[in-house]
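S.K.: coordinates only, sequence not included:
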């Protein structure tokens, strides 16, 4: 019933179109792209083959984006006539849903169902689509969802209106850089090769310093030049930010608007142009044609070619698949990034301490240690490294640091396995174990053959001689593989079974002999 009521209200609001939701954010912060709704708007027979001009308005929430879009609708409905505003001064503001107050109104991404056809100065007919977007940084939406909405509207736009309040602050530029770089990453993944975006229009509402820079396009140009100017006295990160943004867009402009008047804050305000400050309306009449007139419209381009309306459906699908993919980096707040970096630095310092202490024990040309001793040193030094990590001041508290402590333990264990391998490489038995075992076997067989000969056990002597020959051949084959590097599997096999003979026979016998010798003394 609520959906039916909403549909009836929308029909009443405007007979020439209605807002159509094309991207919605689900409860689990996943996204649903309504492909059917996109096709309904963009693939109708009269406009599907026309070049598209897609104009979204984006920015922080509760800054009047939908309010502005409805005046843009009026301009297009009037066919861009000079008196478009005067003719509708007594009409309530209809179109995209808008309201006063502090709570979020628009969610996801919406486009207007009616696509406007405009003939440019060159005589080309183009299709103009207006897009409304969910405001950034509200109190209910995750950072990833905010960035996805902003990035998708930016990637699909031909002219992107960045709606700001009062002035261009440094954090506005930082957010824009964040969004554009996320969008550029997705564009690179799509393989279309269009890293730069097209046209960016800063729209500054409630400009308070007209005595410094006048309202309108000229004052906006002055402000933009001052804001994006790269100065050697600026910190390096500010210079880098401005250079980066300059390379993201083919064209940038700015427009300054005055405050629309106290009446717009009245809950009973219905959007009547007659209730709005005349100075605001005068400059609004200058801004909207600078975006939507036949002289200023920008056609969406991709790969050096104009994009048609029906093509945009595929672009939306492609971009959303990339933005929703698991291999896209998870966006983080500045606090998250700082906490992560803080813990990573602490972890690196602790790991470095572990490596320095272990190098003193088993590194480089240090002598071989038996297994028990190296394990003992490892446990002692690992405890020192964990203690070093814990005593460093870190943001995020114990709960956040615990996963990095576990990661540090895992990395220490991995490093220890490398030190163990290095230590084992110094063990003489790993180098000479096979030839010593084979020699021991040959001597034992020789002694066996001599004893058997004295006892006149001919068959035993023959078997012992054959086994001696086999031992010599095995030793020769092993030596050849180690010297030439050929047939490594033979060398590995010989090493394997001689190691087992050493552990099961030779080592116990030698150990017992030494023990008897010591006890006899």
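M.R.: That came in fine, so what should we check first? In this text, all values refer to a predicted model and were calculated from it rather than measured experimentally.
S.K.: contacts and neighbour counts: CA atoms only from here.
M.R.: Will do.
S.K.: My understanding was that residue 154 contacts residue 160; is that so?
M.R.: Yes - Residue 154 is in contact with residue 160 according to CA atoms under 8 Å; the separation is 6.3 Å.
S.K.: quick one: which of these two has more around it?
M.R.: residue 154 (27 against 24; other CA atoms under 10 Å).
S.K.: Please settle this for me: is that one part of a helix?
M.R.: Yes - the assignment for residue 154 by DSSP: H, G, I helix; E, B strand; the rest coil puts it in a helix.
S.K.: how close does it sit to residue 181?
M.R.: 11 Å (CA to CA, to the nearest Å).
S.K.: what touches both of residue 154 and residue 160?
M.R.: Shared contacts of residue 154 and residue 160 (CA atoms under 8 Å, 6 or more residues apart in numbering): residue 56.
S.K.: State the number of residues packed around residue 36.
M.R.: Neighbour tally, residue 36, other CA under 10 Å: 11.
S.K.: Which strands and helices lie in contact with the helix or strand where it lies?
M.R.: If you go by DSSP states H and E, residue 36 is part of helix 35-42. Where contact means 3 or more CA pairs under 8 Å, 6 or more residues apart in numbering; DSSP states H and E, helix 35-42 is packed against strand 19-25, helix 309-323.
S.K.: how much space between the nearest residue to residue 142 once chain neighbours are set aside and residue 322?
M.R.: Distance criterion CA to CA, 6 or more residues apart in numbering; nearest residue to residue 142, sequence neighbours excluded, is residue 29 at 7.4 Å. For residue 29, the distance to residue 322 equals 16 Å [CA to CA].
S.K.: Show me which of those two is the more surrounded one.
M.R.: Taking other CA under 10 Å, residue 29 and residue 322 do not tie; residue 322 has more neighbours (17 against 13).
S.K.: what pLDDT does that one get?
M.R.: Listed pLDDT for residue 322 reads 75.
S.K.: Tell me which residues touch residue 481, please.
M.R.: By CA under 8 Å, 6+ apart, the residues touching residue 481 are 487, 488, 490, 491.
S.K.: and it, what element?
M.R.: Element membership of residue 481, judged by DSSP H and E, is helix 458-484.
S.K.: so for that helix, what's the average pLDDT?
M.R.: Mean pLDDT, helix 458-484: 81.
S.K.: Adjust the sequence numbering to begin at 495 for everything that follows.
M.R.: I'll keep to 495 as the first residue from here, and by that count the last item is helix 952-978.
S.K.: next SSE after that helix?
M.R.: Next helix or strand after helix 952-978 toward the C-terminus (DSSP H and E): helix 982-995.
S.K.: I'd like to check the angle between that following helix and helix 952-978, please.
M.R.: Angle, helix 982-995 to helix 952-978, by axes from the mean of the first three to the mean of the last three CA atoms, to 10 degrees: 130 degrees.
S.K.: Show me what helix 982-995 is packed up against.
M.R.: Using 3+ CA pairs under 8 Å, 6+ apart: helix 982-995 touches helix 922-948, helix 952-978.
S.K.: right, so of these, which gets closest to residue 770?
M.R.: helix 922-948 (89.4 Å; CA to CA).
S.K.: That closest one versus helix 952-978: what angle between them?
M.R.: 160 degrees.
S.K.: Now find how far off-centre helix 922-948 is within its chain.
M.R.: The chain centroid and the centroid of helix 922-948 are separated by 63 Å under CA atoms, centre = their mean, to the nearest Å.
S.K.: Stretch 724-738 too?
M.R.: Distance, centroid of stretch 724-738 to centroid of chain: 24 Å (CA atoms, centre = their mean).
S.K.: How about that stretch, which residues are buried there?
M.R.: 724, 732, 733, 735, 736 (16 or more other CA atoms under 10 Å).
S.K.: swap in stretch 790-798?
M.R.: Across stretch 790-798, burial judged by 16+ other CA under 10 Å covers 791, 792, 793, 794, 795, 796.
S.K.: Just the ones in strands from the residues you listed, please.
M.R.: 795, 796 (DSSP state E).
S.K.: so which two of the buried residues of stretch 790-798 are the farthest from each other?
M.R.: 791 and 796 (16.2 Å).
S.K.: Please determine how far residue 862 is located from residue 719.
M.R.: Distance, residue 862 to residue 719, by CA to CA: 68 Å.
S.K.: next one: stretch 532-546 to chain centre, how far?
M.R.: For stretch 532-546, the separation from the chain centroid amounts to 33 Å (computed by CA atoms, centre = their mean).
S.K.: end-to-end on that stretch?
M.R.: 13 Å.
S.K.: Using the three-state scheme, assign residue 549.
M.R.: strand.
S.K.: Which parts of the stretch 595-744 of the chain are helices?
M.R.: All helices of the stretch 595-744 of the chain, identified by DSSP state H, counting those that start in this stretch, fall at 637-650, 664-684, 711-722, 730-740.
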